[in-house]
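Q: Fold the following and give me the result.
(one chain, ligands or ions: 1)
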Amino acid sequence: MTNPADLTLAQLRDALKAKKVSSLEATDAYLARIEKAKVLNTFVTVTADKARDMAKASDARLAKGPNNSDVGDLEGVPLGVKDLFCTEGVLTTAGSHILDGFQPRYESTVTANLWRDGAVMLGKLNMDEFAMGSSNETSYYGNVINPWRREGDDAPLTPGGSSGGSSASVAARLCAGATATDTGGSIRQPASLTNTVGVKPTYGRVSRWGVVAFASSLDQAGPMAQDVRDAAVMLKSMAGHDPKDSTSIDRAVPDYEAALGQSIKGLKIGVPKEYRIDGMPEEIENLWSQGIAWMKDAGCEIVDISLPLTKYALPVYYIVAPAEASSNLARYDGVKYGHRASDYQDILSMYENTRAEGFGDEVKRRILIGTYVLSAGYYDAYYLRAQKVRKKIFDEFTDAFSKVDLILTPSAPSAAFGLGEKTSDPVQMYLNDVFTVTGNLAGLPGASVPAGYDKQGLPLGLQLLARPFDEETMFKGMYALEQAAGANRRPQEWWA
Ligand code: GLN
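A: Numbers count the residues shown, from 1 in each chain. Now for the predicted structure:
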């Protein structure tokens, strides 16, 4: 048969259950690909021995027959894990020097759920340091290279960020699917730049326990997948109530795969005029119009909506997220985790030198901003005011969702850009998330679906946002969009 690493996750799952391929064969096929794709720098750690052991255990369970109760929904399927998820006994870096040598004694709930369902861990994926970034260029482990290139141009491009290792490895088929996290857009923006499907679930749908915290009121984990079906299968396994995360919600997890292909006739699709921003490439405008036309053709009613507070979303995000980050990152002091400076006189200089050496520039910038906006004299002017605007943004969405079922927007304001192109101007980098941060501030589910290509052949995604906990309607819409767009090209394997 074909190389098992060429199958989608759902196809591989079915082939494994039908015994057309073994998990060990699939795992070895992926490990061989990872070996050949080192130039993409997608993995921080490859756990080859662990992967083979897990694959053998899966094959033993599959030998009992596909309907045996020991066989899980993802039995034998090899996955990559963003290096923000704690994995027991396996180096977990969050893309930072300060976590050097950190081997958690526990497993994150998300990864534990995936292993419970039989998935196999191939390794830990590169990412922006502490998930701060939109291009994967803040990683201590170096940037990731997007498998996609402009036509006739070898210039290396970003796979987006912060989940750049996840997006690039799924696009290059170095794993059947990957975990990722999204605090301001880090699942949806990289998905858009790599022709993959990324889903940020409703805040509280997926447990944050064991996920290294960036901004706790915004962080949410989700899948990075080859297509909409794969994302549905993965999210089902990742989601669910967890008593270890007090913000996780006790609601039944629907079978998202069952929603695929259901008619979207009569659904109301909101199109917010404020997302038509100055300087947006014409190709993205056109793609958005095309997306609206596809939804109309599928029988949806298109509703023009207004979300006037959209312009405050990025400023609010860049107060709230750094504030929470400055608090969360206080724990990295050279005592409890990872790196400790070797040169110091007393405990204070040990803390100072450790943090000066261990954190990169972008992380330091966030800690400085966050500490500033929380300080006694500025708390009311910045942090408190930002929280109030955040509540108003939530109210604005609640109002919009009383009129529409889904909101359709572009996922990102541009296609993949060149490495180094935006590193000198942090605001330019922050603008990447202009369409996605709103969903985090309001806690809404959002997803990016491959929808087309720009003139240079680079992928572009469209975003769907849904009501809290209505991922099912979102998946119906995503599937319809995917079917209409048929944007299923693969990058050329120039690296192999
Ligand atoms: N790019 C945004 C930031 O740098 C969002 C990152 C994320 O979603 N983790 O904060």
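Q: is it true that S216 lies in a strand?
A: No: S216: not assigned to a strand; according to DSSP: H, G, I helix; E, B strand; the rest coil it is coil.
Q: touching the ligand at all, stretch 351-371?
A: No: in terms of Cβ under 6 Å from any ligand atom, no part of stretch 351-371 sits within range of the ligand; the closest distance is 7.6 Å. Heads up, the C-betas are built off the backbone N, CA and C, glycines and all.
Q: Any buried residues in the helix or strand bottoming out on mean pLDDT in the chain, and which?
A: Across the helices and strands of the chain, mean confidence by mean pLDDT, DSSP states H and E is lowest for helix 426-430: a mean of 92. By 16 or more other Cβ atoms under 10 Å, the buried positions in helix 426-430 come out as M429, Y430.
Q: What is the distance between that helix and the centre of its chain?
A: 19 Å (Cα atoms, centre = their mean, to the nearest Å).
Q: now what about it, what contacts it?
A: With Cβ atoms under 8 Å, 6 or more residues apart in numbering as the test, helix 426-430 has contacts from G133, S134, S135, L314, Y318, E362, R365, K422, T423.
Q: Could you export those residues as TSV, including neighbour count and secondary structure?
A: Converted to TSV, the contacts of helix 426-430 look like this (neighbours: other Cβ atoms under 10 Å; DSSP: H, G, I helix; E, B strand; the rest coil):
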residue	neighbour count	secondary structure
G133	28	coil
S134	28	coil
S135	30	coil
L314	18	helix
Y318	21	helix
E362	18	helix
R365	15	helix
K422	20	coil
T423	17	coil
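Q: Could you dump those residues into CSV and include pLDDT?
A: Listed next are the contacts of helix 426-430 as CSV, based on pLDDT from 0 to 100:
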residue, pLDDT
G133, 98
S134, 98
S135, 98
L314, 97
Y318, 97
E362, 98
R365, 98
K422, 95
T423, 93
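Q: what does the chain have sitting close to the ligand?
A: 131-134, 162, 182-186, 214, 321, 433.
Q: For those, pick the one with the most neighbours.
A: In terms of neighbours by other Cβ atoms under 10 Å, the residues of the chain next to the ligand top out with S186 at 38 neighbours.
Q: pretty sure that residue contacts S162?
A: Yes: between S186 and S162 there is a contact at 4.1 Å, judged by Cβ atoms under 8 Å.
Q: give me phi/psi at the closest residue to the ligand within the stretch 1-150 of the chain?
A: Nearest to the ligand, among the residues of the stretch 1-150 of the chain, is A131, at 3.6 Å (Cβ to the nearest ligand atom). Backbone torsions for A131, taken as degrees, to the nearest 10, come to phi 70, psi 20.
Q: For the stretch 1-150 of the chain, give me the ranges with low pLDDT.
A: 1 (pLDDT under 70).
Q: Where do the helices of it begin and end?
A: 9-17, 23-36, 48-62, 109-116 (DSSP state H, counting those that start in this stretch).
Q: who does the shortest one touch, helix- and strand-wise?
A: Which is helix 109-116. For helix 109-116, the packing partners by 3 or more Cβ pairs under 8 Å, 6 or more residues apart in numbering; DSSP states H and E come out as strand 120-125, strand 177-182, helix 228-238.
Q: Can you pull out the residues in contact with the first one?
A: In other words, strand 120-125. 23, 27, 30-31, 34, 42-48, 50-51, 54-55, 58, 76-83, 87, 90-93, 111, 114-115, 163, 165-166, 169, 174-175, 178.
Q: Now do it against helix 48-62, angle only.
A: Computed by axes from the mean of the first three to the mean of the last three Cα atoms, to 10 degrees, the angle separating strand 120-125 from helix 48-62 equals 150 degrees.
Q: what lines up beside strand 120-125 in the sheet?
A: strand 43-46 (antiparallel), strand 78-82 (parallel) (DSSP bridges).
Q: Take those and write them to CSV, including mean neighbour count and distance to A381.
A: Below are those laid out as CSV (neighbours: other Cβ atoms under 10 Å; distance: least, Cβ to Cβ, whole Å):
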stretch, mean neighbour count, distance to A381
strand 43-46, 21, 39
strand 78-82, 30, 35
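Q: quick one: common contacting residues for S186 and S162?
A: Shared contacts of S186 and S162, counting by Cβ under 8 Å, 6+ apart, come down to D128, A131, S134.
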